[in-house]
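Novice: sequence and computational prediction follow.
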Amino acid sequence: MQYRIDAKSGNKLSALGFGCMRFPRRGIGIDLDKSEKLVMEAIEKGVNYFDTAYVYGGSEAALGEILHRNNAREKIRLATKLPHRQCTQYEDFDRVFNEQLKRLKTDYIDYYLIHNISDMDAWRPLLDIGIDKWIEQKKASAQIRYIGFSFHGIQSGFMELLEAYPWEFCQIQYNYMDETNQAGRAGLRKAHEKGLPVIIMEPLLGGKLAAGLPKKAEALFSGANAAMSPAAWALKWLWDQAEVTVVLSGMNAPGQLADNIKAADAFTVGSMSDNEKETLEKVKAVFRESYKVPCTGCNYCMPCPNRVSIPGCFNAYNMSYASGFVTGLTQYISATNALNPKGTMCVSNCVKCGLCEEKCPQHIKIASELAMVKKRLEPFWVKAILKIVSRVMGQGRKT
């Protein structure tokens with residue numbers, strides 16, 4: 001395993017971090033046995049940075065149980081996040097933090113983040129209710145070792161936040177398709193100049209840079225190096241940069257873990273050739289043509305009060321351009337349960353209430369984009385067919 005130094009603390013952090021938002025699931029809950037095997041295999045292979053959050057349904061509790069069962073807490077650096085929107089008064093900080101300690105079965109957090117701070121307008125209200133005093137107390141008691149923030153916003157907001165508090169690390173969304181989006185490369189370099197370790201989230205853009213590439217992009221990668229997977233290309237691009245400290249990956253299968261560990265060992269600063277960089281530029285051009293909505297499938301927008309499968313709709317919409325209309329429509333029918341006579345999660349359920357847009361870390365204009373999904377994947381003839389098939393299925397169930 002390759003390790004990179006956290007310049008603020010001197011800690012050696014594994015270049016590959018385990019993002020726990022996408023633990024394997026069984027039904028609506030986390031599959032603890034499968035998750036345990038992955039976590040312990042990762043630790044055995046040298047992964048020592050694990051990232052979760054208060055709002056990752058069941059993730060903190062699952063990780064805490066796994067570490068407790070295996071007496072592994074001291075083998076890792078544990079990161080979790082404060083849901084600042086749930087904190088409207090000073091007492092809320094302790095209420096949330098104490099619950100996190102209980103879930104994680106620990107008495108301290110190594111790397112604690114203020115979750116999804118997008119700009120100064122989000123940070124100032126927290127200062128007004130005393131978050132700086134609270135952080136100081138937690139650090140003095142060693143319950144929080146290092147304080148940072150995760151970011152989804154525009155680059156100017158990130159630059160302001162870097163100067164707003166003596167942060168000790170930060171976490172940004174960054175991949176070869178987000179080089180100029182959000183904090184971007186300029187934000188990455190600015191944080192590095194200030195001595196902050198930078199943790200990377202969404203290195204594969206919610207899996208789209210691994211399994212959801214347009215066929216033309218896959219052909220470009222294969223032609224340049226058939227032995228390297230699309231995911232490996234994306235990871236190599238990141239680890240080629242000295243400013244990147246840890247790359248988080250939401251691994252939920254043994255094969256993903258094995259491939260990523262292999263890549264983390266092989267891809268170091270300066271390992272990407274000029275020819276490989278040229279290939280990536282061509283892939284980026286193809287990707288921009290095919291993918292219309294920058295949804296990462298984080299599910300922050302869910303649940304929708306009208307049961308629209310928002311990430312599923314966007315994934316199907318993008319797939320309809322990247323892999324063809326029939327593939328996209330098939331994906332749409334599956335993701336929205338469109339043939340269920342008792343109720344679907346189709347885009348036509350959207351009433352443009354706007355609740356989802358308030359939660360979206362990508363700042364997607366969800367209602368407007370869903371209208372485009374409806375236009376492409378629910379034209380009148382598709383709706384008519386779905387209605388007929390749904391009615392027939394409903395009658396079949398009755399008999």
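Specialist: Alright, I've got the coordinates.
Novice: pull the residues that contact the longest strand seen in the chain.
Specialist: The single longest strand within the chain, with elements called by DSSP state E, is strand 144-151. Contacts with strand 144-151, where a contact means CB atoms under 8 Å, 6 or more residues apart in numbering, come from 6, 8-9, 81, 108-118, 135, 138-139, 157-158, 161, 167-173, 182-183, 187, 196, 199, 201. (Each C-beta comes from the backbone N, C-alpha and C, glycine too.)
Novice: likewise stretch 316-328?
Specialist: 208, 212-215, 289-293, 295, 329, 331-332, 335-336, 369, 372-373, 376-377.
Novice: buried members of the residues you listed into PyMOL, please.
Specialist: The PyMOL selection below is limited to those of these classed as buried (16 or more other CB atoms under 10 Å):
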select buried, resi 208+212+213+214+290+291+292+293+295+329+331+332+335+336+369+373+376+377
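Novice: what about the contacts of stretch 316-328, which are in helices?
Specialist: Cross-referencing the contacts of stretch 316-328 against helices under DSSP state H gives 215, 289-290, 329, 331-332, 335-336, 369, 372-373, 376-377.
Novice: what is the nearest of these to residue 74?
Specialist: For these, the residue nearest residue 74 by CB to CB is residue 335; the value is 41.5 Å.
Novice: so which strand or helix has the residue lying closest to the closest one once chain neighbours are set aside?
Specialist: Spatially, and ignoring its direct neighbours in sequence, residue 335 is nearest to residue 312 (3.0 Å; CB to CB, 6 or more residues apart in numbering). Element membership for residue 312 (DSSP states H and E) is helix 310-322.
Novice: could you give the mean pLDDT of that helix?
Specialist: Helix 310-322 shows a mean pLDDT of 81.
Novice: likewise for stretch 26-38?
Specialist: The model assigns stretch 26-38 a mean pLDDT of 89.
Novice: rewinding a little: now, the most widely separated pair of the ones in helices among the contacts of stretch 316-328?
Specialist: 289 and 336 (25.3 Å).
Novice: how about the helices of the stretch 151-300 of the chain, start to end?
Specialist: For the stretch 151-300 of the chain, the helices defined by DSSP state H, counting those that start in this stretch cover 155-164, 184-193, 215-224, 230-239, 254-266, 274-290.
Novice: would you mind putting these into TSV with mean pLDDT and distance to residue 44 alongside?
Specialist: Output for the helices of the stretch 151-300 of the chain, formatted as TSV (pLDDT from 0 to 100; distance: least, CB to CB, whole Å):
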stretch	mean pLDDT	distance to residue 44
helix 155-164	88	36
helix 184-193	92	30
helix 215-224	89	30
helix 230-239	93	20
helix 254-266	90	10
helix 274-290	88	31
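Novice: what is the nearest of the ones in helices among the contacts of stretch 316-328 to residue 21?
Specialist: Using CB to CB, the ones in helices among the contacts of stretch 316-328 come closest to residue 21 at residue 335, 19.0 Å.
Novice: report the contact partners of that closest one.
Specialist: 309, 312-313, 315-316, 345.
Novice: again, only this time at 7 Å
Specialist: Applying CB atoms under 7 Å, 6 or more residues apart in numbering, we find residue 335 in contact with 309, 312-313, 315-316.
Novice: which of those ranks first by neighbour count?
Specialist: residue 313 (28 neighbours; other CB atoms under 10 Å).
Novice: look up how far residue 322 lies from it.
Specialist: From residue 313 over to residue 322 the distance is 15 Å, taken as CB to CB, to the nearest Å.
Novice: residue 202 against residue 297, yeah?
Specialist: No. With contact defined as CB atoms under 7 Å, residue 202 does not reach residue 297; the gap is 9.6 Å.
Novice: looking at these two, which is more packed in?
Specialist: The residue with more neighbours, out of residue 202 and residue 297, is residue 202; 26 against 18, by other CB under 10 Å.
Novice: with respect to burial, which of the helices of the stretch 151-300 of the chain scores highest?
Specialist: With neighbours taken as mean count of other CB atoms under 10 Å, the helices of the stretch 151-300 of the chain reach their highest mean count in helix 230-239, at a mean of 22.
Novice: which non-adjacent residue is nearest residue 173?
Specialist: residue 202 is the one closest to residue 173 (CB to CB, 6+ apart), at 4.4 Å.
Novice: phi first, then psi, for the one you found.
Specialist: Taking degrees, to the nearest 10, you get phi 50, psi 50 for the backbone angles of residue 202.
Novice: same thing with residue 17?
Specialist: Main-chain torsions, residue 17, degrees, to the nearest 10: phi -110, psi 150.
Novice: outline the domain layout of the chain.
Specialist: Following automatic domain parsing, the chain resolves into domains at 3-289, 310-398.
Novice: let's have the ones you listed in CSV, adding distance to residue 301.
Specialist: As requested, those are exported to CSV (distance: least, CB to CB, whole Å):
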stretch, distance to residue 301
domain 3-289, 12
domain 310-398, 4
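Novice: mean neighbour count, these: which tops it?
Specialist: domain 3-289 (a mean of 18).
Novice: sorry, back to before: could you tell me the least trusted of the domains of the chain?
Specialist: domain 310-398 (a mean of 76).
Novice: from the chain's centre, how far out does that one sit?
Specialist: 23 Å (CA atoms, centre = their mean, to the nearest Å).
Novice: confirm that residue 125 sits in a helix.
Specialist: Yes. Counting by DSSP: H, G, I helix; E, B strand; the rest coil, residue 125 is located in a helix.
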